[in-house]
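Chemist: return atomic coordinates for the entry below.
(one chain, ligands or ions: 1)
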Amino acid sequence: MKEEALVVQNISLHRQGFQLKRINADFPSGRITAIVGPNGSGKSTLLKTMTRLLDIDSGEILIHGKSAASFSPRQLAQCISMLPQTKDFMPDLTVRELAAYGRAPYKKLFQQRQTKEDYQAVEFALEAAGMGKLADRLFYTLSGGEQQRARIALTLAQGTDILLLDEPTTYLDIAHQLDILNMLKRINEQWGITIVMVLHDLQQAAAYSHHMIAMKRGVIAAAGSPRDLLTPAFLKEIYEIDAKITVIDGYPLIIPTAGIHHSGGI
Ligand SMILES: Nc1ncnc2c1ncn2[C@@H]1O[C@H](COP(=O)(O)OP(=O)(O)OP(=O)(O)O)[C@@H](O)[C@H]1O
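Modeler: Next up, the predicted model:
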């Protein structure tokens, strides 16, 4: 049987006019899962339930087969780390100091000094995120792409084997988007870290994931391999667009076939 790092079993949540409705989803261990879907469909909400930032009303979340509800916050933070969508923190810290915050779940009461494990985890995270050379730079002096790498170093320093990322490529140009996605792919391949990421770019989601989950209006509308999932019927059902899909060098291209108002063209 295939091992699942995370299993979401029949969870529901009701909040001020929005619901997650009977969500069932599997997140395979050591693989990359992309969560896609229109704005407001519940992707971030689902991620937040998995780190217990939001409480579910019913159902169960299993982490490596064990109920998430049975974990203390500290135990949970040692299993799952999350890169939130927010871009609004601009700490007056170096990249290394920022990454060291990822060690909080391992700190004992009144402990000031870093342990050897903390030091090693932070250095590993800085290298894995490609921030070794920029480790002593102040966070706010970094470019947008470098800042995103620094945030990822913080989540990696947490030393978890499950990493959730909410729109890790937003606000980045295409070169930096690919840079982040290639880095995540390397982290997954080299260290077997299970990655769950919310992405809006369906082409990138399909090219960089092993498994895809599509949400619409608070439910899972489809799930499967990128090859099986990404079809014209899927685009019509989930996004209500007419498009054809062609694959070039293993990379899917979505070409809208209706409703486009060209302003020129190439
Ligand atoms: N704290 C909150 N209080 C009330 N409603 C909320 C709260 N957080 C999210 N929502 C609502 O829940 C719905 C789902 O939001 P969520 O952020 O999960 O969607 P999403 O699929 O991640 O969207 P996007 O792609 O735009 O980031 C939205 O309608 C949103 O307005």
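Chemist: for stretch 200-208, what is the distance to the chain centroid?
Modeler: The gap between where stretch 200-208 is centred and where its chain is centred comes out at 13 Å by Cα atoms, centre = their mean, to the nearest Å.
Chemist: please report phi then psi for the nearest residue to T194 once chain neighbours are set aside.
Modeler: If the residues on either side of it in the chain are set aside, T194 comes closest to A5, at 4.0 Å by Cβ to Cβ, 6 or more residues apart in numbering. The C-beta positions use only the backbone N, C-alpha and C, and glycine is treated the same way. Listed backbone geometry of A5 is phi -70, psi -40, with angles given as degrees, to the nearest 10.
Chemist: so what's A5 scoring on pLDDT?
Modeler: Confidence at A5, expressed as pLDDT, is 91.
Chemist: need the contact list for it.
Modeler: Residues in contact with A5, defined by Cβ atoms under 8 Å, 6 or more residues apart in numbering, are 27-30, 63-64, 161-162, 194.
Chemist: out of these, which are buried?
Modeler: Among the contacts of A5, those that count as buried by neighbour count (16 or more other Cβ atoms under 10 Å) are 27-29, 63, 161-162, 194.
Chemist: TSV for the residues you listed, including secondary structure?
Modeler: Listed next are these as TSV, based on DSSP: H, G, I helix; E, B strand; the rest coil:
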residue	secondary structure
F27	strand
P28	strand
S29	coil
I63	strand
D161	coil
I162	strand
T194	strand
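Chemist: next one: G59 from the ligand, what distance?
Modeler: Taking Cβ to the nearest ligand atom, to the nearest Å as the measure, G59 falls 16 Å from the ligand.
Chemist: name the next helix or strand following the longest helix along the chain along the chain.
Modeler: When every helix of the chain is counted residue by residue (DSSP state H), the longest turns out to be helix 174-191. Heading C-terminal from helix 174-191, the first helix or strand you meet, by DSSP states H and E, is strand 194-198.
Chemist: mind giving me the packing neighbours of the longest helix of the chain?
Modeler: For helix 174-191, the packing partners by 3 or more Cβ pairs under 8 Å, 6 or more residues apart in numbering; DSSP states H and E come out as strand 32-36, helix 116-128, helix 144-157, strand 194-198, helix 202-208.
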